[in-house]
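*Asks:* One predicted model, sequence on top.
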Amino acid sequence: MTWTAILLSAAGCYLLKLVGLSVPQRLLEHPVAARVAALLPVALLAALAAVQTSTDGTRLVVDARLAGVAAAVVALLLRAPFLVVVGVAAATAALVRLVS
Amino acid sequence: MNHDSTWAPVRAKVLRTSAGVGVATGAYGLSFGALGSAADLTVAQTCALSVLLFSGGSQFALVGVLGGGGNALSGSASAILLGARNMLYGARLAPLLRLRGVQRAVGAQLVIDESTAVALSSEGHGERAGRLGFWATGLAVFVLWNLATLLGAVAGQAIGDPRDLGLDAAVPAAFLALLAPRLRGRSLWSTALLGAAVALAVVPVVPAGVPVLVAALVAVVAVVVRRQEAT
């Protein structure tokens, strides 16, 4: 199942890249297309972050991950680089688990 | 075409930028590799994603959805939707790159956030600089991202329970770090907040992996429709 997902998403993402290079630019320059292209990654990333922070399967849960993500937000506000943000989140969650 | 004496410094500048972007992006390939292992992917599977999919956000999305219990279809759909922006990048790059045949087939795989950003920012120094920026950045990121993925995935396999190291909190943190630089302006903030809220609201009622898709569609449609009514 994992390989199916890998090959399916790789094929889909490659085709999107190829289509972009191949079709006339004006087809993709419609204002609504441009708008959706800017909004879609934002909506997806926000939804992914929320779901990965506070759900377990189909249940909403509060656990050490929330503390880790809160620490990541602080790191982002301090303009920390990507790896630091991710590291701070992991370390905080690990620490909370260790003491609780 | 630029004269050689003016081209040399431009070439050096573009290559320096490409190398810098390659190293910085490659570094977070380490975290992708480790998170792939934490989501129970084999080293081969994690590395295959970096070679074949080669689009950071989509790779994190697929691994996140699979790790969270989503099925292959919802995982792939999230990854592909997140990769849709590369199509727009391709359309923007096409008149600059003017690729044919095999070159286009190879170049397509290198159409990502970073290569597009460097190509478009180098274009000010002429088309030749723009093309160099695209290829140099695309190749630098490709090589370093894949190398780092392998290292991260192997290191990740050595870890016992990824939760002990808080790696399950690193996944949402990675999404936030990818999201933060995009949050410019009110409609992008509303999209993000609406996306997160809708996703959490539907978690109890739809299968794992699906909330993200529902949330993205609802948020984008809502913001686009509202914007059109306002104008």
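*Replies:* It's in. Numbering: from 1, shown residues only, chains lettered A, B, ... in the order given.
*Asks:* Check chain B for the residue nearest chain A and tell me.
*Replies:* residue B:90 (2.1 Å; Cβ to the nearest Cβ). All C-beta spots, glycine's among them, are computed from the backbone N, C-alpha and C.
*Asks:* Can you give the contact residues for stretch B:138-158?
*Replies:* Residues from elsewhere that reach stretch B:138-158, judged by Cβ atoms under 8 Å, 6 or more residues apart in numbering or on different chains: B:18-19, B:21-23, B:25-38, B:41, B:43, B:46-47, B:49-51, B:54, B:56, B:107, B:109-112, B:114-115, B:162, B:167.
*Asks:* so what's residue A:65 up against?
*Replies:* Residue A:65 neighbours (Cβ under 8 Å, 6+ apart): A:52-54, A:93, B:166, B:168-169, B:172.
*Asks:* follow-up on the earlier one: list buried residues within the contacts of stretch B:138-158.
*Replies:* B:18, B:21-22, B:25-38, B:41, B:43, B:46-47, B:49-50, B:54, B:56, B:107, B:109-112, B:114-115, B:162, B:167 (16 or more other Cβ atoms under 10 Å in any protein chain shown).
*Asks:* Considering only those residues, which also neighbour chain A?
*Replies:* Of the residues in the buried ones among the contacts of stretch B:138-158, proximity to chain A by Cβ under 8 Å from any Cβ of the partner chain holds for B:27-28, B:30-31, B:41, B:49, B:54, B:107, B:109, B:111, B:167.
*Asks:* now, among the residues you listed, which is nearest to residue A:100?
*Replies:* Distance to residue A:100 across those (Cβ to Cβ) is lowest for residue B:167, with 17.4 Å.
*Asks:* Looks like the closest one contacts residue B:34 (just checking).
*Replies:* Yes. If you go by Cβ atoms under 8 Å, residue B:167 and residue B:34 touch, sitting 6.6 Å apart.
*Asks:* returning to what we had before: adding secondary structure and pLDDT, write the ones next to chain A among the buried ones among the contacts of stretch B:138-158 out as TSV.
*Replies:* Shown next, in TSV, are these (DSSP: H, G, I helix; E, B strand; the rest coil; pLDDT from 0 to 100):
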residue	secondary structure	pLDDT
B:27	helix	77
B:28	helix	80
B:30	helix	90
B:31	helix	89
B:41	coil	95
B:49	helix	97
B:54	coil	97
B:107	helix	97
B:109	helix	98
B:111	coil	97
B:167	helix	88
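*Asks:* on that earlier part again, now, the contacts of stretch B:138-158 that are in helices?
*Replies:* Among the contacts of stretch B:138-158, DSSP state H puts B:18-19, B:21-23, B:25-38, B:43, B:46-47, B:56, B:107, B:109, B:114-115, B:167 in helices.
*Asks:* Show me what stretch B:81-94 is in contact with.
*Replies:* Counting by Cβ under 8 Å, 6+ apart, residues outside stretch B:81-94 touching it are A:9, A:12-13, A:16-23, A:25, A:27-29, A:33-34, A:37-38, A:40-41, A:44-45, B:53, B:55, B:57-58, B:61, B:108, B:111-113, B:116, B:119-120, B:134, B:213, B:216.
*Asks:* go with 6 Å
*Replies:* A:13, A:16-17, A:19-21, A:25, A:28, A:37, A:41, A:44, B:55, B:57-58, B:61, B:111, B:116 (Cβ atoms under 6 Å, 6 or more residues apart in numbering or on different chains).
*Asks:* Please identify the helix or strand for the residue in chain A positioned nearest to chain B.
*Replies:* Distance from chain B to each residue of chain A (Cβ to the nearest Cβ) is smallest for residue A:20, at 2.1 Å. In the assignment (DSSP states H and E), residue A:20 maps to helix A:2-22.
*Asks:* buried residues in the helix or strand of chain B with the lowest mean pLDDT?
*Replies:* Sorting the helices and strands of chain B by mean pLDDT, DSSP states H and E puts helix B:210-230 at the bottom, at a mean of 87. Applying a neighbour-count criterion of 16+ other Cβ under 10 Å, one finds B:210-220, B:222-224 buried in helix B:210-230.
*Asks:* Which strands or helices does it pack on?
*Replies:* helix A:31-54, helix B:72-83, helix B:186-202 (3 or more Cβ pairs under 6 Å, 6 or more residues apart in numbering or on different chains; DSSP states H and E).
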